[in-house]
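Enquirer: Fold the following for me, if possible:
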Amino acid sequence: MTLILLPTTVDGAPTLPSGVTAVRYDVTAPPPPEAAHADAVVVWGNPADRLAELAVATPHARWVQTLAAGPDAVLAAGFAPDVVVTNGRGLHDATVAEHVLALLLASVRSVPAMVQAQSGHRWADELGGLQPLHTSDRVTTLIDANVTVWGFGSIAARLAPLLVGLGAHVTGVATTAGDRYGFPVVTPQGLPDVLPRTDVLVGLLPALETTHHAIGRDVLGLLPRRALVVNAGRGSTLDEDALVDALRTGGIAGAALDVFATEPLPASSPLWDEPRVLVSPHAAGGRPVGWESLVADNVGRFLAGTPLRNVVPR
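Expert: Numbers count the residues shown, from 1 in each chain. Modelled structure (predicted):
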């Protein structure tokens, strides 16, 4: 009998073969008694302290499946070194792409300013009426806009065609240059050529040592003054102090952020009061689409002793 722990934080259930028993557990509570006999654990929305308790309470676990795209929380929880960790890569492509597009369009079309004007019962003439398609000081449309997406993985594969459908030109940035998903991709070494003509920089980078503050002063300094920065990767990849400086000195025109170095974003953060910053409370993901199929497939592989999908190097 194989025992797998499933969190109560997700709806639905994977179709499991005979001989596999699933036990639901509350991620906010101490590990259930069945944890002592669990062979596998699915993780989603577990607080760090409870996840560390779960790592201790599952001494026989040989596989941990996180439904998050980033495995950093699981890797830090203390599971044994020989435990196979798999992530939720691909489960958040649709929802994150949708949210990035929402943030981008809201910023480009001045939706936050409209909401503020509405709350004051003010007809914002400056936001409507006759106006040019393109201006030199800010991006006002995706038509003919140059969008650079840094972190050109599966989320970008979903996002890029949506941007093109609205008239944008998309360039990807990744560790390997070439053509990916039908779009040109450069390495970070090519940023000095790409960024000066970028209207929107979208960050979809994972949290790695090599990506810490990747979007920093040097990168922001290469962007034109009209540029907009959207970050929905990980908060550690953006230097928030450098971003605030760039906004206040007119180095860039605005930003829309869904991830932050510290979450929840502290009340003392200057980002709250920046008029050209749209703050989103890490809302892009949160709904792992198709998690049941991924877990079911990996359970079958686990039982067969074949390589699992989305294995995280340890």
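
Enquirer: Could you report the neighbour count for Gly190?
Expert: 14 (other C-beta atoms under 10 Å). Backbone N, C-alpha and C define where each C-beta goes, glycine included.

Enquirer: Over to it: give its phi and psi.
Expert: Note on Gly190: its backbone torsions stand at phi -90, psi 0 [degrees, to the nearest 10].

Enquirer: Thr148 too?
Expert: Per-residue torsions, Thr148: phi -110, psi 120 (degrees, to the nearest 10).

Enquirer: ok, the residue lying closest to it once chain neighbours are set aside - how many residues close by?
Expert: Leaving out its chain neighbours, the residue that sits closest to Thr148 by C-beta to C-beta, 6 or more residues apart in numbering is Thr198, at 4.5 Å. Here the number of neighbours of Thr198 (other C-beta under 10 Å) works out to 23.

Enquirer: Of all residues in this protein, which one is nearest the centre?
Expert: Nearest residue to the geometric centre of the chain (C-alpha atoms, centre = their mean): Gly233, 3.7 Å.

Enquirer: so what's that residue scoring on pLDDT?
Expert: pLDDT for Gly233: 95.

Enquirer: That one and Leu204, how far apart?
Expert: Distance, Gly233 to Leu204, using C-beta to C-beta, to the nearest Å: 5 Å.

Enquirer: Could you do Leu104 as well?
Expert: Separation of Leu104 from Leu204 (C-beta to C-beta) stands at 12 Å.

Enquirer: hang on, the earlier thing: settle this for me: the residue nearest to the centre of the chain is touching Pro206, isn't it.
Expert: Yes: in terms of C-beta atoms under 8 Å, Gly233 counts as a neighbour of Pro206; the distance is 6.4 Å.

Enquirer: Mutual contacts of those two, please.
Expert: By C-beta atoms under 8 Å, 6 or more residues apart in numbering, Gly233 and Pro206 have these common neighbours: Gly151.

Enquirer: sec struct for Asp179, please.
Expert: State at Asp179, reduced to three classes by DSSP: H, G, I helix; E, B strand; the rest coil: strand.

Enquirer: For it, which non-adjacent residue is closest in space?
Expert: Using C-beta to C-beta, 6+ apart, the nearest residue to Asp179 is Val185, at 6.8 Å.

Enquirer: Surely the one you found is in a strand?
Expert: Yes: assessed by three-state DSSP, Val185 belongs to a strand.

Enquirer: For it, give the beta-bridge partners.
Expert: Using DSSP bridges, the beta-bridge partners of Val185 come out as Gly172, Gly178.

Enquirer: Distance-wise, check it relative to Gly128.
Expert: Val185 is 38 Å from Gly128, by C-beta to C-beta.

Enquirer: and what of Arg197?
Expert: 29 Å.

Enquirer: more crowded one of those two?
Expert: Each of Arg197 and Gly128 has its neighbours counted (other C-beta under 10 Å); Arg197 has more, 14 against 10.

Enquirer: Now do the same for that one: its pLDDT.
Expert: pLDDT recorded at Arg197 is 98.

Enquirer: Could you find the closest non-adjacent residue to the residue nearest to the centre of the chain?
Expert: Spatial nearest neighbour of Gly233, chain neighbours left out: Leu205 (4.1 Å); criterion: C-beta to C-beta, 6+ apart.

Enquirer: Now do the strands in the chain.
Expert: 2-7, 20-25, 40-43, 63-66, 84-86, 146-150, 169-173, 178-180, 183-186, 200-203, 228-231, 254-257, 277-279 (DSSP state E).

Enquirer: need those strands in CSV with distance to Leu247, can you?
Expert: Below are those laid out as CSV (distance: least, C-beta to C-beta, whole Å):
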stretch, distance to Leu247
strand 2-7, 39
strand 20-25, 44
strand 40-43, 36
strand 63-66, 34
strand 84-86, 38
strand 146-150, 18
strand 169-173, 22
strand 178-180, 31
strand 183-186, 26
strand 200-203, 13
strand 228-231, 9
strand 254-257, 7
strand 277-279, 7
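
Enquirer: Of all the helices and strands in this protein, which has the lowest average confidence?
Expert: Ranked by mean pLDDT, DSSP states H and E, the weakest helix or strand in the chain is helix 72-75, scoring a mean of 94.

Enquirer: what's near enough to touch the residue nearest to the centre of the chain?
Expert: Gly151, Gly203, Leu204, Leu205, Pro206, Ala207, Thr211, Val259.

Enquirer: now the residues you listed: which count as buried?
Expert: Among these, those buried by neighbour count (16 or more other C-beta atoms under 10 Å) are Gly151, Gly203, Leu204, Leu205, Pro206, Thr211, Val259.

Enquirer: if we can go back for a sec, what is the least confident helix or strand of the chain packed up against?
Expert: helix 48-57, strand 63-66 (3 or more C-beta pairs under 8 Å, 6 or more residues apart in numbering; DSSP states H and E).

Enquirer: quick one: contacts of that helix?
Expert: Helix 72-75 has contacts (C-beta under 8 Å, 6+ apart) with Val43, Asn46, Ala48, Leu51, Val64, Thr66, Ala68, Val85, Ala207, Val312, Arg314.
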